[in-house]
Every structure is written in structure tokens, then in C-alpha cells.
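Visitor: Structure, please.
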Amino acid sequence: MSETFRQTVHLLMGVLGAGIILRLGDRGAFIFLSVVLVALFLLCDAFTRGYDVPVFSRVLDESERTGKVPLKGGIAYAIGALFCLAVFGREYTAVGLVTVGLLDSIATLVGLRFGRHVLRGKKSLEGTLAGAAAAALVLAFLVPWWAAVAVAAVAGVIEACSPVDDNVAVQVGACVTLAVVGVGVGFV
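Guide: Residues are numbered from 1 along each chain as shown. Just a heads-up that it's a prediction; the model follows:
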């Protein structure tokens, strides 16, 4: 398993998922996320039963950590996005997906390379700060800069400290933060 490849997949899931959700409309976004979730469950079942699924098995071998439930991260991503879509709407969901994709990927890659100050488990201060900074920079194109900083800061704390799967928790935290600060999303 290549951690760089894994984090690239993670990042692409967030950014591409956000773009697709915004293009589809409310009903289309719900159908898209539901289909993705069911497909991931079916693939997870196939992999845990030992089946080889062309193309997907190869990607899974390259992107999944050893000893983990296959596609658990992808399933959590889809569950988090479905929840955010139901509660907050497409625009906030897109911000949540971009936030988790960027923050988690950058935090992991920087933390592995430069992390010296452990916050919790394998989470480092250096990785968390880099991930939050990257998320804030990109989110500033979507929401006011101060809201981007607030979302990235809250998401960084959640990613570093939450015992809950960060693929869900970061998305929900980003959406809740946007709702609390009362910001509309400016890219729709």
C-alpha cells in the first residue's frame, strides 16, 4: 500500500464528489450518494468474502491499509456526505467533502514526513496545521476567508482529536461550523 496513492484517492473523492454533487441538483445528489454507498457496501462484501473484482481489487490493494475493513473509509465518506446533504443541503455538503479530502490528505502526508509533535495516536501538530492551512486556502475560494479559517480550524481539531471516524466527523463539523457562522456558499 502506498500512502501517497491512498491520500490521492482520498483527496479526489472529496473534490470530485463535491463537484458531482453540485452539478446534479438535490434529488440527483441524493441518488448519486445512495448509489455510491450501496456500491461500496457490495464491493466491501465481495472483498471480505475473498472475491477478486477486476480493477477495484487492484485499486484496493494500492490504497487500503493492511488489516482494515475494505472500503471502510469510502463507506464513511458516503455516509457523512448523505447525512450532510439531508441536514444542510448540497452546498454545505460540498464544503464538507472538500474539507475532509484536503485536510485529511495533507495532514497525513505532511505528518508522516515532518511530524514531530504527537497530538493523539499517529496525529501530529505539523500535519494538522498543514492540513488546516491547505483547507483554509482552498475554502477561501468558496466562502468568505474568515469562514474558511473557522471551518478549517474546527475541522483540524476534529480530525486530530475525534475518536469518531474523521471521514464522517470532519464533514459534519465543517457543515455545523458554516451553519453556526451563518455563511452561504458562494460557488453555486
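Visitor: Please count neighbours and contacts with C-alpha atoms only from this point.
Guide: Will do.
Visitor: which strands and helices sit next to the helix or strand in which Val154 is found?
Guide: Per DSSP states H and E: Val154 is located in helix 145-161. Applying 3 or more Cα pairs under 8 Å, 6 or more residues apart in numbering; DSSP states H and E, one finds that helix 145-161 makes contact with helix 90-114, strand 118-120, helix 125-139, helix 166-181.
Visitor: What helices and strands are in contact with the longest one?
Guide: It stands for helix 90-114. By 3+ Cα pairs under 8 Å, 6+ apart, helix 90-114 packs against helix 3-48, helix 72-88, strand 123-124, helix 125-139, helix 145-161, helix 166-181.
Visitor: Now Val53: phi and psi?
Guide: Backbone torsions of Val53, given as degrees, to the nearest 10, read phi -110, psi 110.
Visitor: For it, give me its contacts.
Guide: Ala46, Phe47 (Cα atoms under 8 Å, 6 or more residues apart in numbering).
Visitor: Please identify the buried residues of the helix holding Val154?
Guide: By 16 or more other Cα atoms under 10 Å, the buried positions in helix 145-161 come out as 147-156, 158-160.
Visitor: Could you give the separation of it from the chain centroid?
Guide: 13 Å (Cα atoms, centre = their mean, to the nearest Å).
Visitor: Repeat that for stretch 110-125.
Guide: 19 Å.
Visitor: Equivalent analysis for stretch 149-164, please.
Guide: On Cα atoms, centre = their mean, the centre of stretch 149-164 falls 12 Å from that of its chain.
Visitor: Could I have the CA atoms of it written out in PDB?
Guide: This file holds the C-alpha atoms of stretch 149-164, laid out as PDB (Å, rounded to 0.1, in the frame of the first residue of the first chain):
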ATOM      1  CA  VAL A 149     -10.400  29.800   8.500                       C
ATOM      2  CA  ALA A 150     -13.100  28.900  11.100                       C
ATOM      3  CA  VAL A 151     -14.200  25.800   9.200                       C
ATOM      4  CA  ALA A 152     -10.600  24.700   8.700                       C
ATOM      5  CA  ALA A 153      -9.600  25.300  12.300                       C
ATOM      6  CA  VAL A 154     -12.600  23.400  13.700                       C
ATOM      7  CA  ALA A 155     -12.100  20.600  11.100                       C
ATOM      8  CA  GLY A 156      -8.400  20.400  12.100                       C
ATOM      9  CA  VAL A 157      -9.300  19.900  15.800                       C
ATOM     10  CA  ILE A 158     -11.900  17.300  14.900                       C
ATOM     11  CA  GLU A 159      -9.500  15.400  12.600                       C
ATOM     12  CA  ALA A 160      -6.800  15.400  15.200                       C
ATOM     13  CA  CYS A 161      -8.800  14.700  18.300                       C
ATOM     14  CA  SER A 162     -12.100  13.000  17.500                       C
ATOM     15  CA  PRO A 163     -12.400   9.300  18.300                       C
ATOM     16  CA  VAL A 164     -15.100   9.000  15.600                       C
END
